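Novice: take a look and give me a structure for this.
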Amino acid sequence: MIKRVLTYEGFWRSVAFLSVAYLAILLVIQWVATGFSSNFFYATIQYKKIWMIPIAGFIAGFMVSYGKFWGKLKREDQSK
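Specialist: Sure thing, here's the model as predicted:
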């Protein structure tokens, strides 16, 4: 089933879209947590958080897309 999901048309496009969406949400949440400080962007680069945020966005996007496509394929298998 894993191979079917990973090779399903539109899966990786969905992962990319959701990764960017989660990336933006995580950035906004962390920026709000710092009180909308302009130092947030400097601190993000300085402390190497710049790599953690995209990786977290990719993981979240991958998991949500995998669940969505797995459910879709499971429903298609049951309807046969």
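
Novice: give me the nearest residue to residue 20, chain neighbours excluded.
Specialist: residue 57 (7.1 Å; C-beta to C-beta, 6 or more residues apart in numbering). The way it works is simple: take the backbone N, C-alpha and C, and place the C-beta from them, glycine included.

Novice: what is the burial count for residue 15?
Specialist: Residues lying near residue 15 (other C-beta atoms under 10 Å) number 20.

Novice: residues touching it, list them.
Specialist: By C-beta atoms under 8 Å, 6 or more residues apart in numbering, the contact list for residue 15 reads 58, 61-62, 65.

Novice: residue contacts, residue 53?
Specialist: 23, 26-27, 30, 44.

Novice: among the residues you listed, which are located in helices?
Specialist: If you go by DSSP state H, these have 23, 26-27, 30, 44 in helices.

Novice: ok, and the residue nearest to residue 34 when sequence neighbours are not counted, which helix or strand is that part of?
Specialist: Distance criterion C-beta to C-beta, 6+ apart; nearest residue to residue 34, sequence neighbours excluded, is residue 40 at 4.5 Å. For residue 40, the element it lies in under DSSP states H and E is helix 39-46.

Novice: now the element after that helix, going C-ward?
Specialist: Using DSSP H and E, the first helix or strand after helix 39-46 is helix 49-79.

Novice: give the buried residues for that next one.
Specialist: 53, 57-58, 60-62, 64-66, 69 (16 or more other C-beta atoms under 10 Å).

Novice: before we move on, back to that, residue 12: which of the contacts of residue 53 is nearest?
Specialist: Lowest distance from residue 12 to these (C-beta to C-beta) belongs to residue 23, with 16.0 Å.
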